[in-house]
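**Q** for reference, the sequence and a predicted model appear below.
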Amino acid sequence: GAVVSQHPSWVICKSGTSVKIECRSLDFQATTMFWYRQFPKQSLMLMATSNEGSKATYEQGVEKDKFLINHASLTLSTLTVTSAHPEDSSFYICSARGGERANTEAFFGQGTRLTVV
Amino acid sequence: DAKTTQPTSMDCAEGRAANLPCNHSTISGNEYVYWYRQIHSQGPQYIIHGLKNNETNEMASLIITEDRKSSTLILPHATLRDTAVYYCIVRVGSLGLTFGKGTHLIIQP
């Protein structure tokens, strides 16, 4: 399958600081990228959907000013957690799909574990 | 997206076929059935997807009933590395995936 790479794999930051997570599609052009969050022992929850060159669409309950998403190119999307707090500690995962056909599968990055202390 | 129902957990002996069921009785005509799996602390891995016909790839087979209300993922020769949480998801278009609780498949040596 296609390769999606996330960086960093893990990060520890102080409360009140901002953290940027990168998501790259390495061997295809990602027209749509998705960001998910997963708390321990829970399933993945979709946070937002972004299409290259346009503003992200956020799921209900996700603060767009806290979780800034940029999808400036067809191979890169970034998620910035602004003014992070301990409750933002979670496993953040991106996925990307490269086609417009209804049945195009999405591929996932390896995830970024964020710990806010 | 249509909701899916999967068993919480299943065991399978190494080397045997693992058959994972999924009910999606409210699936609509344009929704595809997708299967992903997640090994602990990793991102989900795409396995297979289908609309109406049965599908097979190098990882698994997907059997969809004629009325499309249920499906079965088959791992033909399970190995210990197949231990993971398996998610059955039905989806239309370019929407993000809605993950349920999935099935925790444990392959026993």
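**A** Looks like it came in fine. In this text, all values refer to a predicted model and were calculated from it rather than measured experimentally. Residues are numbered from 1 along each chain as shown, chains lettered A, B, ... in the order given.
**Q** near chain A, which residues of chain B show up?
**A** Contacts of chain B with chain A, taken as Cβ under 8 Å from any Cβ of the partner chain, map to B:30, B:32, B:34, B:36, B:38, B:41-46, B:49, B:51, B:87, B:92-102. Heads up, the C-betas are built off the backbone N, CA and C, glycines and all.
**Q** which ones are touching the residue in chain B that chain A sits nearest to?
**A** Chain A sits closest to B:Gly43 of chain B, with a gap of 3.7 Å, by Cβ to the nearest Cβ. Shown in contact with B:Gly43 (Cβ atoms under 8 Å, 6 or more residues apart in numbering or on different chains): A:Val4, A:Gln6, A:Ile93, A:Ser95, A:Phe108, A:Gly109, A:Gln110, A:Gly111.
**Q** apply 7 Å and report the result again.
**A** Contacts of B:Gly43 were listed using Cβ atoms under 7 Å, 6 or more residues apart in numbering or on different chains, and they are A:Ile93, A:Phe108, A:Gly109, A:Gln110, A:Gly111.
**Q** with B:His24 instead?
**A** Neighbours of B:His24 in contact, by Cβ under 7 Å, 6+ apart: B:Ala2, B:Thr4, B:Val33, B:Lys69, B:Ser70, B:Val90.
**Q** contacting residues around stretch B:97-109?
**A** Contact with stretch B:97-109 is made by A:43-44, A:46, A:106, B:1, B:4, B:6-14, B:18, B:20, B:78-80, B:82-87, B:89, B:91, as judged by Cβ under 7 Å, 6+ apart.
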